[in-house]
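> Sequence below, structure please.
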Amino acid sequence: MPRRSAPSIWLTPLARCGRRSGTPLFIPIPIPIASGALLTPPSYHEMLFMIDTCQANTMYSKFYSPNILATGSSEIDQSSYSHHADQDVGVAVIDRYTYYNLEFLETQVRDPTSKLTMGDLFNSYDEEKIHSHPGIRYDLFEGGEQAARNRLVMDFFGNVQNVELEGEGRNETQWRLELEAVERMIQEAKRRHNESLGVHPQAQHVVEEAKSVQGLKREGAAMVQEEQSWSKQLVGAAALAACAVAWAAGSWLES
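As a prediction, this is how the structure comes out:
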């Protein structure tokens, strides 16, 4: 809406209810906290909160933020019933409250210039069709019930907002330079990553020293082995010489 600096938004939270072993299950959502955070200008001007789940009306009872129009499918201790199931997948695909809201929007709100109001939407709720008692909360909305009911449906479901661009004076050269800077950052990150996968210089130095020590150990071992080999050869030669002398002495004595 042109007269507003912030949009009117439509918020539909997700929730799930059911029963397991006879115990009711209900998962609440901290919407009051979220709506409070949205108050920071210019987050929103008006908010339509719709929820379809078991005991749905309890979900907006703790709201305190201004300009919220809230509605739910069922009161406390009431269930939210499905409308129909998909026979192919064997599960319900839409609840009754959601179905009849969607039906109103698709059949009654025919174009963006529609003058139907939120009051018209709320008047279309039929408890016999929905199988529960829908609730509506007006007190947070500026102007109360009358102002909320007079608000156009298209304010929430068909509002188109202008996009405000920052820095309209930026030229092509500037954003190209920014892209190049981003590219350099990416390349630098890749380089650091590749370096982290290899061996660091300090670690490489340690490895080289270890290899040198291992080489020295191998050389020393080879020298010791070589000396031991010569010693064995000398002992063998001396033994052969002794045998030769003994044989010669025996031959001389026989003659």
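> right, and residue 66 touches residue 139 too?
No. The pair residue 66 / residue 139 is not scored as a contact, 10.1 Å apart, by Cβ atoms under 8 Å. C-beta coordinates here come from the backbone N, C-alpha and C atoms, glycine included.
> Helices along the chain, start to end?
For the chain, the helices defined by DSSP state H occupy 31-37, 96-107, 118-123, 127-130, 144-150, 154-157, 172-197, 201-254.
> Just list what the fifth one packs against, helices and strands only.
If I follow you right, that is helix 144-150. helix 118-123 (3 or more Cβ pairs under 8 Å, 6 or more residues apart in numbering; DSSP states H and E).
> let's see 10 Å
Using 3 or more Cβ pairs under 10 Å, 6 or more residues apart in numbering; DSSP states H and E, the elements in contact with helix 144-150 are strand 46-51, strand 68-72, helix 118-123, strand 135-137.
> Contacts for that helix, please.
46, 48, 67-71, 117-123, 136-143 (Cβ atoms under 10 Å, 6 or more residues apart in numbering).
> can you rerun that using 6 Å?
69, 117, 118, 119, 138, 141 (Cβ atoms under 6 Å, 6 or more residues apart in numbering).
> Chain neighbours aside, what residue packs nearest to the fifth one?
Nearest residue to residue 138, sequence neighbours excluded (Cβ to Cβ, 6 or more residues apart in numbering): residue 145, at 3.9 Å.
> That neighbour and residue 137: what is the separation?
Distance of residue 145 to residue 137, given as Cβ to Cβ, to the nearest Å: 10 Å.
> low-confidence ranges in the stretch 101-250 of the chain?
Low-confidence segments of the stretch 101-250 of the chain (pLDDT under 70): 159-171, 198-250.
> please redo it, this time with the cut-off set to 50
Within the stretch 101-250 of the chain, the segments meeting pLDDT under 50 span 199, 201, 203, 206-207, 213, 216, 221-222, 224.
> Need the per-residue pLDDT for residue 93.
On pLDDT, residue 93 comes in at 83.
> ok, residue 145 and residue 137, which is more surrounded?
Just comparing residue 145 and residue 137: by other Cβ atoms under 10 Å the higher neighbour count belongs to residue 137, 18 against 14.
> surely the more buried one meets residue 72?
No. Using Cβ atoms under 6 Å, residue 137 is not in contact with residue 72; the gap is 8.5 Å.
> And the nearest residue to residue 129 once chain neighbours are set aside, how far from residue 176?
Of all residues not flanking residue 129 in the chain, residue 100 sits nearest, at 6.0 Å (Cβ to Cβ, 6+ apart). Distance of residue 100 to residue 176, computed by Cβ to Cβ: 54 Å.
> More neighbours: those two, which one.
residue 100 (20 against 10).
> Read off the pLDDT value for that one.
For residue 100, the model assigns a pLDDT of 92.
> How much space separates it from residue 58?
From residue 100 to residue 58 the distance is 21 Å (Cβ to Cβ).
> With residue 88 instead?
For residue 88, the distance to residue 58 - Cβ to Cβ - is 34 Å.
> Identify the bridge partners of the closest residue to residue 57 other than its chain neighbours.
Closest residue to residue 57 apart from its sequence neighbours, by Cβ to Cβ, 6+ apart: residue 135 at 3.6 Å. For residue 135, the beta-bridge partners are residue 72 (DSSP bridges).
> and residue 135, how many residues sit next to it?
21.
> likewise residue 63?
18.
> Phi first, then psi, for it.
phi -60, psi 150 (degrees, to the nearest 10).
> now it: how far from residue 69?
For residue 63, the distance to residue 69 - Cβ to Cβ - is 10 Å.
> and if you look at residue 97?
From residue 97 to residue 69 the distance is 16 Å (Cβ to Cβ).
> Residue 86 now?
In terms of Cβ to Cβ, residue 86 sits 32 Å off from residue 69.
> Please say which of the two ends up with more neighbours.
Comparing residue 86 with residue 69 by other Cβ under 10 Å, the one with more neighbours is residue 69, at 26 against 10.
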